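Colleague: sequence? don't have it. structure:
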């Protein structure tokens, strides 16, 4: 693989991650506002935090 292909696939991965995070957080915020219960927003935050933690752990292991 060339460097350009690796950069392109990483960029797509990050764009997907950002879009996923925004959609999940927006849905959690909408449900929280609609129901008046903030637990939905906290659950949505958890759905974003765990994948981000996994990516951070994976990048830490791959840099060694």
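Modeller: Arrived safely, thanks for sending. None of these values were measured; they are calculated from a predicted model. Numbers count the residues shown, from 1 in each chain.
Colleague: where are the low-confidence patches of the protein?
Modeller: Along the chain, the parts satisfying pLDDT under 70 run over 1-6, 62-64.
Colleague: which one's the longest helix in it?
Modeller: Using DSSP state H, we find that the single longest helix of the chain is helix 3-35.
Colleague: list the buried ones in that one?
Modeller: By 16 or more other CB atoms under 10 Å, the buried positions in helix 3-35 come out as 21, 24, 28, 31, 32. Placement of C-beta: from N, CA and C, glycine included.
Colleague: Next, the buried residues of the helix or strand following it.
Modeller: Toward the C-terminal end, the helix or strand that comes next after helix 3-35 (DSSP states H and E) is helix 39-62. Buried residues in helix 39-62, counting neighbours by 16+ other CB under 10 Å, are found at 40, 41, 44, 48.
Colleague: and which of the residues you listed is nearest residue 8?
Modeller: Checking those against residue 8 by CB to CB gives residue 48 as the nearest, at 24.2 Å.
Colleague: what's the spacing between the closest one and residue 28?
Modeller: Counting by CB to CB, to the nearest Å, the gap from residue 48 to residue 28 is 9 Å.
Colleague: for residue 42, same thing?
Modeller: 8 Å.
Colleague: same deal with residue 53?
Modeller: According to CB to CB, residue 53 stands 18 Å off from residue 28.
Colleague: can you check residue 51 too?
Modeller: The gap separating residue 51 from residue 28 is 14 Å, by CB to CB.
Colleague: before we move on, what about residue 9?
Modeller: Distance, residue 9 to residue 28, using CB to CB: 29 Å.
Colleague: contacting residues for residue 52?
Modeller: Shown in contact with residue 52 (CB atoms under 8 Å, 6 or more residues apart in numbering): 17, 21.
Colleague: Please tell me how far it sits from residue 17.
Modeller: Taking CB to CB, one finds residue 52 at 8 Å from residue 17.
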